[in-house]
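S.K.: Take a look and give me a structure for this.
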Amino acid sequence: MKNDLFIKEIKIDWNKIEEDSYLRNIPSLEKVDALTFDRNITFFVGENGSGKFTLLEGIAVAYGFSAEGGSRNYNFSTYNSHSELHEAISLVKGIRRPKGNYFLRAESFYNVASKAEDYRDDTPCEIYYERYGGKSLHQQSHGESFLALIQENFSDNGIYILDEPEAALSPQRQLTLLMEIDRLAKQGSQFIIASHSPILLGVPHSL
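M.R.: Numbers count the residues shown, from 1 in each chain. As a prediction, the model looks like this:
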């Protein structure tokens, strides 16, 4: 099958990582020099501390996202805690240009929602609220705002990197998210997801 994904492969140049870096002591990463993506949905799965988020974050930052999340238009930092892995990652990209993009982190979603409020000043109110299910993200529960952002902002033919999106969602809402991911993947979107959720891991045609 033709690989027309937005991110086709990543390569890690370990010569760019300091010899005493903790990254060299993560078993799941220390022997990884390259990783190929050949499906629209890829999951990183493992125990806490296994390195799945470190890798996900490195890919996201190397692609041009803020380490705290948001679209590639979001340029802010409230606390610089990300590793230097992104400096060693090079991306092999497909020829298509994505229509949409987003890096969604459960732990820093409040900061991203606050930044969205800041950007509201430059957006007509009716357009802003339409993006988030009819009301401000801060006027919704954590789970409602999480799902509203995905349903109203994620489009076909987009690149989406998600860190534990199930953290804010009930089992029923996780099923809703599963169907949304499956629908968008069938319409050309690519997802790279770190997750512990057995519900989300059941999405068809994922790896």
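S.K.: okay, CA-based contacts and neighbour counts for the rest of this
M.R.: Fine.
S.K.: Phi, psi for G69 please.
M.R.: phi 110, psi -180 (degrees, to the nearest 10).
S.K.: how many other residues sit next to it?
M.R.: 28 (other CA atoms under 10 Å).
S.K.: Do I have it right that it meets Y63?
M.R.: No - applying CA atoms under 8 Å as the test, G69 and Y63 come out as separate, 11.8 Å apart.
S.K.: Was I right to think S195 contacts F44?
M.R.: Yes - counting by CA under 8 Å, F44 is a contact partner of S195 at 6.5 Å.
S.K.: Helix or strand next in line after the top helix by length along the chain, which one?
M.R.: For the chain, the longest helix by residue count, based on DSSP state H, is helix 171-186. Later in the chain than helix 171-186, the nearest helix or strand by DSSP states H and E is strand 190-194.
S.K.: Can you dump the C-alpha atoms of that following strand in PDB for me?
M.R.: Coordinates of each C-alpha in strand 190-194 appear next as PDB, following Å, rounded to 0.1, in the frame of the first residue of the first chain:
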ATOM      1  CA  GLN A 190      -2.800  10.600  10.700                       C
ATOM      2  CA  PHE A 191      -2.800  10.000  14.400                       C
ATOM      3  CA  ILE A 192       0.100   9.200  16.700                       C
ATOM      4  CA  ILE A 193      -1.200   8.400  20.200                       C
ATOM      5  CA  ALA A 194       0.300   7.500  23.600                       C
END
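S.K.: Three-state assignment for the residue minimising distance to the centre of the chain, please.
M.R.: Centroid-nearest residue in the chain, with CA atoms, centre = their mean: I161, separated by 1.8 Å. Using DSSP: H, G, I helix; E, B strand; the rest coil, the secondary structure recorded for I161 is strand.
S.K.: how far away is it from I7?
M.R.: From I161 across to I7, the span is 11 Å (CA to CA, to the nearest Å).
S.K.: same question, G70
M.R.: With CA to CA as the criterion, G70 and I7 are 18 Å apart.
S.K.: just the helices in this structure please.
M.R.: Counting by DSSP H, the helices of the chain are 27-30, 52-63, 85-88, 109-119, 125-131, 142-153, 171-186.
S.K.: For these, which has the smallest mean pLDDT value?
M.R.: The minimum mean pLDDT among the helices of the chain belongs to helix 125-131 (a mean of 49).
S.K.: How about F53, nearest residue that isn't a chain neighbour?
M.R.: A194 (6.3 Å; CA to CA, 6 or more residues apart in numbering).
S.K.: hmm, I was thinking of Q174
M.R.: E166 is the one closest to Q174 (CA to CA, 6+ apart), at 6.1 Å.
S.K.: right, and the one you found touches S197 too?
M.R.: Yes - using CA under 8 Å, E166 makes contact with S197 at a distance of 6.5 Å.
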